[in-house]
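Undergrad: Here's my sequence, what's the structure:
(one chain, ligands or ions: 1)
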Amino acid sequence: MTPASANHGTGTIPHISEKHMRLLVTGGLGFIGSNFCRHMLTKHADIELINLDKIGIGANPSNLCDVENDTRYTFIKGDIRNFQLLSRIIHDVDAVVNIAAETHVDRSIADPFIFLQNNTIGTFTILEALRKHNPKAKLIQVSTDEVYGQALEGSFTERDPLNPSNPYSASKAAADMFVLSYCKTYGINVSITRCTNNFGPCQLPEKLIPKVIIRALKNLAIPIYGSGTNIRDWIYVEDHCEAVDIVLNRGKSGEIYNISAGNEFSNIEIAKKILTILDKPERLITFVEDRPGHDLRYSLDSTKTRTLLGWQPKFSFQHSLESTVQWYVENENWWTPLATEDILSPTPWRLSGIPP
Ligand SMILES: NC(=O)c1ccc[n+]([C@@H]2O[C@H](COP(=O)([O-])OP(=O)(O)OC[C@H]3O[C@@H](n4cnc5c(N)ncnc54)[C@H](O)[C@@H]3O)[C@@H](O)[C@H]2O)c1
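TA: From the prediction side, this is the model:
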């Protein structure tokens, strides 16, 4: 696998902050977490980065093999629900970026309890460790557009109420509520980011884009839920990482920041675009039973983040999709061990006893 190609030709990213920072990133071996760790180490020379990850679903130690020997980087295998461990790590960090979570909606339908435990109680445990051992440190809670529920028209702003539809989004919404309450009650310095659907290198093949790419490469049927009209707003993972970095440096305590790039496509459009890039026939697409509680459309208004923090997406959707497809084509060694029958299942929410 070639993790360095993850930035696909963006070149050297200029250093914007040379201020020394000791940063704890949780979930840094997963898809977004590994891209975020690399982003921070590339962009900030004077940083110490501790990556705490339980190595669960979505984690892959090879995602960060290129930074393993960087003296500024330390990996700790551990769980954010382990208060004693967190207390030892958290007491002398400047900031925590909480990316760790159980993330697959289909799995949350098959086994909701692990989502409550990891996403809500996990975040609560971080808040408690901060409150008791380092109340001055900053916390960035990496949340999701899914907490707002479906947007049948318009786009949600940060002022809209939460209306989650599935156990995954409910567990993330509950975590957001705890985060805000710790700011108001205990004065903990927190910001929440809510981002739309990410894509890019190192994403587990159970998510839509890698699943379509891998099944197409294997000439397998491409399962699309329902009629394929569900709409998601897509963002390239590096743009998300940049936004979280900016919120970490410039975000205000108690504030929520929506992150979106304005690339709304239906699932069927995404599948067709990937098949076109791979020069595979559209007849591979098959429609399968829809999952329960499947939100029709997600859409975020990110004006606040753009105007107040000066963030904007840099990567074009089509170019990023092409380079992501290319990454999966070139990194078969990365995904082959992961692309099991269960992971590539057409209807994962029907599987019971998915391994934890
Ligand atoms: N993928 C998206 O499109 C998207 C969009 C918006 C927000 N998010 C949020 O971004 C975060 C990361 O998503 P992802 O797609 O990279 O997920 P992922 O499944 O690829 O990675 C999650 C990581 O968290 C780790 N983890 C889970 N529970 C843990 C625990 N209790 N203790 C320590 N580590 C734990 C896993 O081992 C894994 O490495 C999540 O919080 C998710 O809600 C994701």
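Undergrad: ok, now which ones touch the residue in the stretch 51-200 of the chain positioned nearest to the ligand?
TA: As assessed by C-beta to the nearest ligand atom, the ligand sits closest to Gly58 within the stretch 51-200 of the chain, at 2.3 Å. To be clear about C-beta, it is placed using only N, CA and C from the backbone, and glycine gets the same treatment. With contacts defined as C-beta atoms under 8 Å, 6 or more residues apart in numbering, Gly58 is in contact with 27, 29-31, 103-104, 204.
Undergrad: Try it again at 6 Å.
TA: By C-beta atoms under 6 Å, 6 or more residues apart in numbering, the contact set of Gly58 is 30, 204.
Undergrad: now Leu217: how far from the ligand?
TA: 20 Å (C-beta to the nearest ligand atom, to the nearest Å).
Undergrad: do you know how far that residue is from Asn134?
TA: Leu217 sits at a distance of 46 Å from Asn134 (criterion: C-beta to C-beta, to the nearest Å).
Undergrad: These two: who's more crowded?
TA: Asn134 (21 against 17; other C-beta atoms under 10 Å).
Undergrad: and the more buried one, what does it touch?
TA: Here Asn134 is in contact with 90-91 (C-beta under 6 Å, 6+ apart).
Undergrad: Which SSE is immediately downstream of the worst-scoring helix or strand of the chain on mean pLDDT?
TA: Between all helices and strands in the chain, the lowest mean by mean pLDDT, DSSP states H and E belongs to helix 105-110, at a mean of 89. Where DSSP states H and E defines the elements, the next helix or strand beyond helix 105-110 is helix 113-115.
Undergrad: Show me what the following helix or strand past that following helix is packed up against.
TA: Going down the chain from helix 113-115, the next helix or strand is helix 122-133, by DSSP H and E. Under the contact definition 3 or more C-beta pairs under 6 Å, 6 or more residues apart in numbering; DSSP states H and E, helix 122-133 sits against helix 83-90, helix 167-186.
Undergrad: Adding mean neighbour count, mean pLDDT and distance to Thr125, write those helices out as JSON lines.
TA: JSON lines is the format used below for the helices and strands packed on helix 122-133 (neighbours: other C-beta atoms under 10 Å; pLDDT from 0 to 100; distance: least, C-beta to C-beta, whole Å):
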{"stretch": "helix 83-90", "mean neighbour count": "17", "mean pLDDT": "97", "distance to Thr125": "5"}
{"stretch": "helix 167-186", "mean neighbour count": "20", "mean pLDDT": "98", "distance to Thr125": "10"}
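Undergrad: got those helices as JSON lines, with distance to Ile343 columns?
TA: Listed next are the helices and strands packed on helix 122-133 as JSON lines, based on distance: least, C-beta to C-beta, whole Å:
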{"stretch": "helix 83-90", "distance to Ile343": "29"}
{"stretch": "helix 167-186", "distance to Ile343": "17"}
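Undergrad: Can you check which of these gets nearest to Val288?
TA: Closest to Val288 of these, according to C-beta to C-beta: helix 167-186, at 19.7 Å.
Undergrad: With only the CA atoms kept, save that closest one in PDB.
TA: The C-alpha atoms that make up helix 167-186 are tabulated as PDB, following Å, rounded to 0.1, in the frame of the first residue of the first chain:
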ATOM      1  CA  PRO A 167     -28.800   4.200  16.300                       C
ATOM      2  CA  TYR A 168     -25.500   5.500  14.900                       C
ATOM      3  CA  SER A 169     -26.700   9.000  14.400                       C
ATOM      4  CA  ALA A 170     -28.600   8.900  17.800                       C
ATOM      5  CA  SER A 171     -25.400   7.900  19.600                       C
ATOM      6  CA  LYS A 172     -23.400  10.700  17.900                       C
ATOM      7  CA  ALA A 173     -26.200  13.200  18.700                       C
ATOM      8  CA  ALA A 174     -26.200  12.200  22.300                       C
ATOM      9  CA  ALA A 175     -22.400  12.600  22.400                       C
ATOM     10  CA  ASP A 176     -22.800  16.100  21.000                       C
ATOM     11  CA  MET A 177     -25.300  17.000  23.700                       C
ATOM     12  CA  PHE A 178     -22.900  15.800  26.400                       C
ATOM     13  CA  VAL A 179     -20.100  17.800  24.800                       C
ATOM     14  CA  LEU A 180     -22.100  21.000  24.800                       C
ATOM     15  CA  SER A 181     -23.300  20.400  28.400                       C
ATOM     16  CA  TYR A 182     -19.700  20.100  29.600                       C
ATOM     17  CA  CYS A 183     -18.900  23.400  28.000                       C
ATOM     18  CA  LYS A 184     -21.900  25.100  29.700                       C
ATOM     19  CA  THR A 185     -21.700  23.400  33.100                       C
ATOM     20  CA  TYR A 186     -17.900  23.000  33.600                       C
END
